[in-house]
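A.B. asks: Pasting the sequence and the predicted coordinates here, then a few questions.
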Amino acid sequence: MSNRPSIRLKRRWKSLTFLFTVQICLNSSLNVKSFSNNVVNDRFGVSYSRHLTKPFYLRNDGRTGTTHCSIFHRGGNGLHASTDTMEGEDSSQIIAPSKLDQYLSFLTNLFPGFVLGAAILGANVPNSLLWVAKGNLVTIFLASVMVGTGMTLTADDFKSIFQSKRSASVIPVGVLCQYGIMPLSAFLISKSMILNSSAIGKSTTDAIFLGLILVGCSPGGTASNLVTLIAGADVALSVLLTACSTILAAIMTPLLVKILVSGTEVNISGIALCIATSKVVLGPVILGMFMNEKAPKISQELARFTPFASVILVALICGGVVAQNATTGMLSNGFDFLTKRIIWSVIALHLLGFLVGFVTPRVFCKFNTKVSRTISVETGMQNSALAVVLARSIGADPMTSLPGAISATAHSCIGSLLAAIWRFKDSRKSDA
């Protein structure tokens, strides 16, 4: 009888592994098809940041003398929220991606697989990843990811938001969806599915509640840029939204978390949370931007490897959190109720984010389908690793980090599947 929970756990992990493997294979095949179609047809004609996880072209900017990386080279220097194709650009400036770039891109596209694999490894062989959860490694890993993100940004990227009328109207809506829909959804879901459950201990429910709130109040994740591409949405807009929500996280995340937990018995220091967010988000991003400004050539070369490095680091963070909770017996004892409840809460949170994130701009703001899809993806996909790091930084219960670890896999797979459905729907329309 004592072995039944662990047997059920292994069976469920095998089922999840099979489903996510099928989804990942579908995602990878769509990525390859998407890339080839976009290169041939040049449908979107947008420029976006080097941290995106797709094969890219190198373009020499004759005005500045520097080399920029982008999948679609049109649109001039820097990031642009417009997908209008500019005329008069010399196609001879385009250089095909190297084999190494293509290989790194392929591995980066398997982001959900790496995160899921690390979670399974942490659950079944905790000692293999328990070292990640010790000391400050988790914080260092996420800070490194944020430095890589900052290395792809410049001050001009944010200036373009205020210079473009289109950006000035779309960006605020996207940011409001990010910091409005997800925090509120996390609060309602955790209230109904976690805090009202009498079958879970008080300390455990408080920890999971705080973990879900941290996930909901986190900024958009960089994986959303890849999913936006697969969905045939506005990639340049996705990059701008991710950058804006990341910079604002130093203020918005601590503020929203403090507001949402104020009416509960969960105690949290808003100042400590603000300091922790600044250390792992704002500081590293500014450092990366400074490196990009002072050493652009080095930053551009490193940017070839940072997407895949970020995948590995985020996977290790999630695997380490799962391993830490596995050693306490939380993932085997009572798996049928506790862990299932956390998983379904996280899935419901992201599904609501994708759904309401699409309906709000499409129905109420009358934005076109491409922009609405972009905001939907940005809303539904979170920087879950940040939720994990913040939970650890403020000294919360180890269970507080678990929703963030599960979220990293859930939002990547749900987002990729949704993008695949959208792309399939578009292909049906084009064939009709």
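C.D. replies: Perfect, thanks for sending it. Residues are numbered from 1 along each chain as shown.
A.B. asks: And for residue 267, the neighbour number?
C.D. replies: By other Cβ atoms under 10 Å, 9 other residues sit near residue 267. (Each C-beta comes from the backbone N, C-alpha and C, glycine too.)
A.B. asks: Leaving out chain neighbours, which residue sits closest to it?
C.D. replies: Excluding the flanking residues, the one nearest residue 267 by Cβ to Cβ, 6 or more residues apart in numbering is residue 261, at 8.0 Å.
A.B. asks: tell me the centre residue of the chain?
C.D. replies: residue 221 (2.4 Å; Cα atoms, centre = their mean).
A.B. asks: Wait, it touches residue 411, no?
C.D. replies: Yes: using Cβ atoms under 8 Å, residue 221 is in contact with residue 411, at 7.2 Å.
A.B. asks: any shared contact partners between these two?
C.D. replies: Counting by Cβ atoms under 8 Å, 6 or more residues apart in numbering, the shared contacts of residue 221 and residue 411 are 381, 382, 384.
A.B. asks: Can you check these and name whichever has the most neighbours?
C.D. replies: Greatest neighbour count in these, by other Cβ under 10 Å, goes to residue 381: 34 neighbours.
A.B. asks: Which pLDDT value goes with that one?
C.D. replies: Per-residue confidence (pLDDT) for residue 381: 94.
A.B. asks: What residues does the residue lying closest to it once chain neighbours are set aside make contact with?
C.D. replies: Nearest residue to residue 381 in three dimensions, chain neighbours excluded: residue 224, at 4.1 Å (Cβ to Cβ, 6+ apart). Going by Cβ under 8 Å, 6+ apart, residue 224 touches 238, 242, 377, 378, 380, 381, 415.
A.B. asks: Over the helix or strand the first one falls within, what's the mean pLDDT, rounded is fine.
C.D. replies: In this case it means residue 238. Element membership for residue 238 (DSSP states H and E) is helix 235-261. For helix 235-261, the mean per-residue pLDDT is 90.
A.B. asks: list the buried ones in it?
C.D. replies: Buried positions in helix 235-261, judged by neighbour count with 16 or more other Cβ atoms under 10 Å: 235-250, 252-258, 260-261.
A.B. asks: Does it pack against any helices or strands, and if so which?
C.D. replies: helix 137-150, helix 155-163, helix 165-190, helix 202-216, helix 223-230, helix 270-277, helix 369-380, helix 384-393 (3 or more Cβ pairs under 8 Å, 6 or more residues apart in numbering; DSSP states H and E).
A.B. asks: hmm, 7 Å instead?
C.D. replies: With contacts taken as 3 or more Cβ pairs under 7 Å, 6 or more residues apart in numbering; DSSP states H and E, helix 235-261 sits against helix 165-190, helix 202-216, helix 223-230, helix 270-277, helix 369-380.
A.B. asks: Convert stretch 397-410 to PDB, retaining C-alpha atoms only.
C.D. replies: C-alpha atoms of stretch 397-410 as PDB (Å, rounded to 0.1, in the frame of the first residue of the first chain):
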ATOM      1  CA  ASP A 397       8.200  28.200   2.600                       C
ATOM      2  CA  PRO A 398       9.800  25.900  -0.100                       C
ATOM      3  CA  MET A 399       6.300  25.000  -1.300                       C
ATOM      4  CA  THR A 400       5.900  28.700  -2.400                       C
ATOM      5  CA  SER A 401       8.300  28.000  -5.300                       C
ATOM      6  CA  LEU A 402       6.500  25.000  -6.700                       C
ATOM      7  CA  PRO A 403       3.700  26.900  -8.600                       C
ATOM      8  CA  GLY A 404       6.400  28.800 -10.400                       C
ATOM      9  CA  ALA A 405       8.300  25.700 -11.400                       C
ATOM     10  CA  ILE A 406       5.100  24.100 -12.700                       C
ATOM     11  CA  SER A 407       4.100  27.300 -14.500                       C
ATOM     12  CA  ALA A 408       7.300  27.300 -16.500                       C
ATOM     13  CA  THR A 409       6.300  24.100 -18.300                       C
ATOM     14  CA  ALA A 410       2.600  24.800 -18.400                       C
END
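A.B. asks: List the contacts of that stretch.
C.D. replies: 112, 115-116, 119, 203-204, 207-208, 210-212, 214-215, 314, 318, 321-322, 324-325, 328, 330, 342-343, 346-347, 350, 382, 384-385, 387-388, 391-392 (Cβ atoms under 7 Å, 6 or more residues apart in numbering).
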